[in-house]
Structures are given as structure tokens and as C-alpha cells.
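predicted model and sequence below, questions to follow.
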Amino acid sequence: MMSANPGKVTKLETGIQGFDAISNGGIPKGRTTLLAGTAGSSKTVFAVQFLSCGITLNDENCVFVTFEETPSDIRQNMLSFGWDIEQWESQGKWAFVDVSPRPEEVSILSGDFDLSALLARIEHAIKRVGASRVSIDSLGAIFSKFDDQHAVRSELLRISVALKKMGVTALITAERRYEYGDIARHGIEEFVADNVIILRNVLESESRRRTMEILKFRGTDHQKGEHPFSIVTDGGIVGVPLSTVELNHRSSHVRISSGTEKLDGMCGGGFFRDSIVLISGATGTGKTLMATSFIGGAAKDERALFFAFEESRNQLFRNAEGWGVDFAGMEADGRLKVVCVYPETTGLEEHLISMKRDIEEFKPTRIAVDSLSALERGSSTKGFREFVIGLTSFIKQQEIVGVFTSVTPSLMGGTSVTEAHISTITDTIILLRYVELFGEISRGIAVLKMRGSMHEREIREFIIDSSGMRVGNPFRNITGILSGNPQYHQTPESARLQEMFEDV
Amino acid sequence: MNRLSLKLFISGRSVRSDTALDNLHSALADHSPENIDLDVIDVLENPQAAEDDFILATPTLIKTAPLPVRRTIGDLSDRASLLRGLDLAGARNIEN
């Protein structure tokens, strides 16, 4: 019964970064797709961006049918995303069908009606500019104009059939009352049910999290689940497609210096060029210092990018100077870029997008993020995990070494929450620990894990002085450093071992 | 009496279009035809006119004069609403 290729659904690239990935190529071509979302979920931005990408990327002309905002409002609002609708209109690439409310004219209802005029206007506009993409924003508004919901529904069905007949790819937006519940109000999904996309704007841990989800694409495949996105100026919707991030990063055997010779030795010769290094330790154990010397260890032909989420620029430069790393000089040579941001200024999605932009623009070979824990504050577990996966996979594709710091809550021993979330993603984990011995605090350093390489198993002393960090000798005759309970053994280990195997 | 200027937007020569025209003529039976300007516009033939007047539904009757401009949507079978749309409701009450 099945033919070899039963009317295969082809897809039309929307040009919306991230969405084309989760939709495996865009929205079904020549069909109508419902875009549902609550108020403020960016339906209009999505609908406009779908058209603007058609014009700028594919040379496809567009019609925008607006039921809510006036064309002049839309022109003005969308200018901030870099979309000059007025210019496209004058070039005959974009046509509005304005069905926005006209408060100065009250309509009186008398008897039966149909929406033939609307359909005639849409068809006229499509023909006039030769449009292949149409957005209708939004359907809810038309239901509020008329009492006879049944008539409106059957008329909209007629319009969606007519759009299909004209071969255009249409996006129709509709309101939802709740983030999780009915697809849309007024039973709209009954007649445009083939393809449904849902935009959400959920309040999570006191911050907004925007996601897109493809609920269904009839007859064609797509990625499942909610995918985070963000709204940025000069770009609109930018998605963060996680499930499409493939683990196909090339593995490099090229090593680069950690900035400290002894640490390179502990790691079997340095960090791999496309790896993620996590430095975990309590406050004051020297994480920022380690990140600083890693950045300072950049060779003459390398560029380094430092994301500071804890300290101000001045603090960072002063500290670096104190440790013998010349940040100012590196920056003047164009080998260093320091980005200082308060984590709370914006959501994690926005941070990720702007960090990616910085990385793409500056093209560094080493990146330090100090600290991940600061970013984790005030974000949901899921959001944070998505952020880390998004960042690490991006970094690895660029053949960059990323050094992330993470704060452990207790001074002695313990692991950080951050660590638990991301330890499987990192290639190398370095622990910094306080060691209390004979009433003195010293620091210990250990390489806990190093993917694809030999590394030292000893815990060494870690000394901070005016020349920065120094890695000293291994602690001998001490156990329990990692658990935070160091015990000193009088007898050397070699002797103890011998005792164990002695016959009693 | 003031001149009455009307535009009636219809879609094709459908039953609904004819019903609207009949209902309109019947409501205006008391008026002498020379005081009425009626422009019947078919949106299928002239979609640009529908665009210019922001027409959404058919039939739509627009009274452009005397002011205020009023729009009446539907086949005009509800006489009371139609008379409100034509601002003739008050006049009719006096006649009665």
C-alpha cells in the first residue's frame, strides 16, 4: 500500500537559529503551522523573524496579517532586532494585511457573515508581492471581534485550506491561557492541528525561562521536548539546541601549558587543546589564581578570554599583577580580553549567547570562566545544566581549552553542587583543598581525573606567594585530605605496607 | 434630509450578498432614492478596496455620511441593528 515516497513532507528553513536544528530543517513547507504561546512568549517576534529570514536568506517575499498590533507599531518594534520592514515594503518584498482593531469605528453586528473579505485581502497581498511565506498574528483577536465562534472557526478553516491551495507556508499564532494545558484557546488546534509549535515563558527560580517545543509535525520528524531560547537585540530569537549537540568533537592530542610547569607535569604534560578543565575548591584556595596563571600562560601567538563573574576588572588586574601576570600588557597586545559581568544582570540563556558571541569574535585558544558557581546562583538546576552543556560543547567544537572554577561550600573536603552537575562533562578535574596540619593551614592540589591521559595520583602542596602559585612536594604520611580529615602517620607508608604483609 | 452615503462590501453574487442588498433596500424603503448614494463593492473583484477600508467580514455596510461613520457586519437581517448602523433608529421611533 505504501509507495516508496508517500508525499514526503519537505521543510522550509525558518532561519531562526536553533529552531531549524530542533525541527530537523524548518517548518513543513506549503503547510500551515500553529504557533501557540501565552502572552509575552514572543509569538510575534517569531512570526516576524520567520518572514524576515525568508527575505534576507532565501529571497522569499512575505505577507504579515496582523490582528493585534498596528503595522506602524510592528515596524517600530521590530527595528530594534535589525529588521527594517518599511524598507522591505518599499522594495515590494513585504506586505501587511492590517486587521488590527480600529477603536474609532464601532462595528454593529446584524445577521450572518463570512470572512471572504479577509481571505480576498490575504490572497491579494500574496499575489501582489509574490509571497511564499505568510504569518498571521494572532488568531485569538479575531474570536474576540465576533460572537459567533462557530462561524469564525469554520471561516478560519476555509482560510487555512485556501493558503494551502496557494502553496504558501503559513505560520498562525494563537494565545494560550496557561503554560501547561490546552494547546490554544477557542479550539483553534482543531483545524490547524497538523503542525504545532509551543513557545513558553516560565517563571523558574525567580527568573524567566523561554523555551520552544515542537508538539507535533504530521508526517515528518523533529526533536522532542522543550528547548531554551533567548531574545537578543540584532537577532531576535536565538535558540540553544541541546539535543542536537553531538559528541563529535575532534579529540586532540596537542597539549598546551596550564601556565604552571609543575601542574603540567601532574597532568602528564599539560591540558589537551580541546578539553574542559574544572577547578574545584573552597573559597580562598586559589581558584582565581589558577585561572589567572592559566590565562597568563598563553603563548605569544595565543589569545585568551577571561569571563569574570565574581570580581571587578580592577580587582582582577590588580590581583594578576600581584601574582606576576601582566593582564594589562596582554590586553594592550590584543592577546587578552576580559569580560566582567555580574551574573544576576541577565538570564543564563542570554549569558550563553553573549559568551558565544565573544568567543566567536575574539577567537581565543584559552578561556577561563570564574566562577561557574556564581552563574549557578539563582538559576534552576535544569537551566544551569543546559547552560553548561551548551557552553562546553561550543567550546570543544572550537578547539579551545576551557578552565572553569567552582566553589565548594565547606572549607574542608566536600564537593560542590556545580561539580555534581557537570563532572561528567569535564575532561579534567583539579581539586584544591585546605589541609590542616599541626595547627597550620596549608593547601593541597590533586588531579582527580584526566580523560585520555596519565596523571599523577599524589596530593601535592600548593603554595601561594608573591610570584603566584607554586606546586610543591607531595604530602607524605598523611591520609584523609580529600575527606577533610587529614591524619598524620608517624610511620612512613613504605614501612606500613611492609607491616601489612608481615607474617604475624 | 441629509444625504445618506453607503458602501456595501459583498463577496460575489452569493445568496448572502443578495440577502444583504434586499434587507438594505427594505430598510431604506421610506427614503427617496435620490437622497441615497449606495456603492456596492465586490471584494473578490476589488480586494484593494477592501484593503483600503480595512474590511474583514462580508457583507459589511459602511455609512460614511452623515457622520459618525458606522459599520454594520452581516447580511443585515437584524433590522434593529441595521437601523442603529444607519442612525435611523431614533427617526423610526418618532414615526411610530
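Here it is on my side, so go on.

check the secondary structure at B:Glu45 for me.
With DSSP: H, G, I helix; E, B strand; the rest coil as the basis, B:Glu45 sits in coil.

neighbours of A:Ala141, how many?
Neighbour count for A:Ala141, taken as other Cβ atoms under 10 Å in any protein chain shown: 18. (C-beta placed from N, C-alpha, C; glycine too.)

that one should be in a helix, yeah?
Yes: looking at A:Ala141 with three-state DSSP, it is inside a helix.

residue contacts, the nearest residue to it once chain neighbours are set aside?
Nearest non-adjacent residue to A:Ala141, counting by Cβ to Cβ, 6 or more residues apart in numbering or on different chains: A:Phe67, 3.7 Å away. Contact analysis of A:Phe67 by Cβ atoms under 8 Å, 6 or more residues apart in numbering or on different chains lists A:99-100, A:136-142.

longest single helix anywhere in chain B?
In chain B, assigned by DSSP state H, the helix with the most residues is helix B:15-27.

for that one, name the packing helices and strands.
Helix B:15-27 is packed against strand B:4-10, helix B:79-85, with contacts defined by 3 or more Cβ pairs under 8 Å, 6 or more residues apart in numbering or on different chains; DSSP states H and E.

that older thread, for the residue nearest to A:Ala141, grab phi and psi.
phi -100, psi -20 (degrees, to the nearest 10).

please apply the same query to the one 4 residues further on.
Dihedral angles of A:Pro71 (phi, psi; degrees, to the nearest 10) stand at phi -50, psi -40.

tally of neighbours for it?
For A:Pro71, the neighbour count with other Cβ under 10 Å is 18.

again, but for A:Thr10
Here the number of neighbours of A:Thr10 (other Cβ under 10 Å) works out to 12.

got the contact list for it?
Shown in contact with A:Thr10 (Cβ under 8 Å, 6+ apart): A:28-30.

apply 10 Å and report the result again.
By Cβ atoms under 10 Å, 6 or more residues apart in numbering or on different chains, A:Thr10 lies in contact with A:25-26, A:28-31, A:220.

okay, now the unreliable bits of the chain?
Just so you know, I chose chain A. A:1-7, A:181-193, A:204-207, A:241-252, A:410-421, A:423, A:482-484, A:489-504 (pLDDT under 70).

looking at chain B here, not the other one
Chain B contains residues with pLDDT under 70 at B:1, B:89-96.

report the central residue of it.
For chain B, B:Leu61 is the residue whose C-alpha lies nearest the centre (Cα atoms, centre = their mean; 3.5 Å).

now name the helix or strand holding that one.
Secondary-structure element containing B:Leu61, defined by DSSP states H and E: strand B:60-65.

who touches that strand?
A:105, A:107-108, A:110, A:113, A:117, B:2-10, B:20, B:23-24, B:37-39, B:41, B:43, B:50, B:53-55, B:69-74, B:76, B:82, B:85-88.

the same query, at a cut-off of 6 Å, please.
With Cβ atoms under 6 Å, 6 or more residues apart in numbering or on different chains as the test, strand B:60-65 has contacts from B:5-9, B:70-73, B:86.

filter the residues you listed down to the ones close to chain A.
By Cβ under 6 Å from any Cβ of the partner chain, the members of these lying near chain A are B:9, B:71-73.

which two among the residues you listed are spaced furthest apart?
Using Cβ to Cβ, the pair of these lying farthest apart is B:Phe9 and B:Thr72, separated by 10.8 Å.

list the buried residues of stretch A:319-338.
Neighbour-count burial for stretch A:319-338, counted by 16 or more other Cβ atoms under 10 Å in any protein chain shown, picks out A:320, A:323, A:325, A:327, A:330, A:335-338.

same question, stretch A:369-384
Using 16+ other Cβ under 10 Å as the test for burial, stretch A:369-384 gives A:369-376, A:379-380, A:383-384.

from the chain's centroid, how far away is it?
In this view, stretch A:369-384 has its centroid 13 Å away from the chain centroid, taken as Cα atoms, centre = their mean, to the nearest Å.

same check on stretch A:367-380?
Centroid separation for stretch A:367-380 versus its chain: 14 Å, with Cα atoms, centre = their mean.

just stretch A:319-331 next, same as before
31 Å.

end to end on it, go ahead and measure it.
This stretch, stretch A:319-331, spans 15 Å end to end (Cα to Cα, to the nearest Å).

and for it, what's in contact with it?
With Cβ under 6 Å, 6+ apart as the criterion, stretch A:319-331 contacts A:289, A:292, A:296, A:317, A:336, A:467-468.

now, of these, which are buried?
Neighbour counting with 16+ other Cβ under 10 Å marks A:289, A:292, A:296, A:317, A:336, A:468 as buried within the contacts of stretch A:319-331.

for these, which one is nearest chain B?
Within those, the smallest distance to chain B is 57.8 Å, found for A:Leu336 (Cβ to the nearest Cβ).

about what we covered before: can I get the contacts of stretch A:319-331 in a markdown table with distance to A:Pro409 and secondary structure?
Putting those into a markdown table (distance: Cβ to Cβ, whole Å; DSSP: H, G, I helix; E, B strand; the rest coil) gives the following:
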| residue | distance to A:Pro409 | secondary structure |
| --- | --- | --- |
| A:Leu289 | 20 | helix |
| A:Thr292 | 23 | helix |
| A:Gly296 | 28 | helix |
| A:Phe317 | 28 | helix |
| A:Leu336 | 31 | strand |
| A:Ser467 | 30 | coil |
| A:Gly468 | 26 | strand |
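
identify the farthest-apart pair in the residues you listed.
Distance extremes for the contacts of stretch A:319-331: the farthest pair is A:Leu336 and A:Ser467 at 19.8 Å, using Cβ to Cβ.

number of residues surrounding the closest residue to chain B within the stretch 351-500 of chain A?
At 39.1 Å from chain B, A:Ile353 is the closest residue in the stretch 351-500 of chain A, using Cβ to the nearest Cβ. Applying other Cβ under 10 Å, we find 23 residues neighbouring A:Ile353.

could you identify the most distant pair in the buried residues of stretch A:369-384?
A:Asp370 and A:Ser380 (22.0 Å).

beta partners of A:Tyr434?
Per DSSP bridges, the residues bridged to A:Tyr434 are A:Arg443.

now A:Ala95: how far from A:Ile16?
Plainly put, A:Ala95 is 21 Å away from A:Ile16 if you go by Cβ to Cβ, to the nearest Å.

I should have written A:Gly296 there, sorry.
Distance check for A:Gly296 against A:Ile16: by Cβ to Cβ, it reads 40 Å.

counting neighbours, what do you get for residue 18?
All of this is about chain A. By other Cβ under 10 Å, 21 other residues sit near A:Gly18.

hmm, I had chain B in mind actually
B:Asp18 has 13 neighbours, counted by other Cβ under 10 Å.

what helix or strand does A:Cys62 sit in?
strand A:61-66.

actually A:Glu461, not the one I wrote
Using DSSP H and E, A:Glu461 sits in strand A:460-465.

now the stretch 151-300 of chain A against chain B: closest residue?
The nearest approach of the stretch 151-300 of chain A to chain B comes at A:Glu155, 8.3 Å away (Cβ to the nearest Cβ).

now for that residue: which residues touch it?
Counting by Cβ under 6 Å, 6+ apart, A:Glu155 touches A:114-115.

phi first, then psi, for it.
Per-residue torsions, A:Glu155: phi -70, psi -40 (degrees, to the nearest 10).
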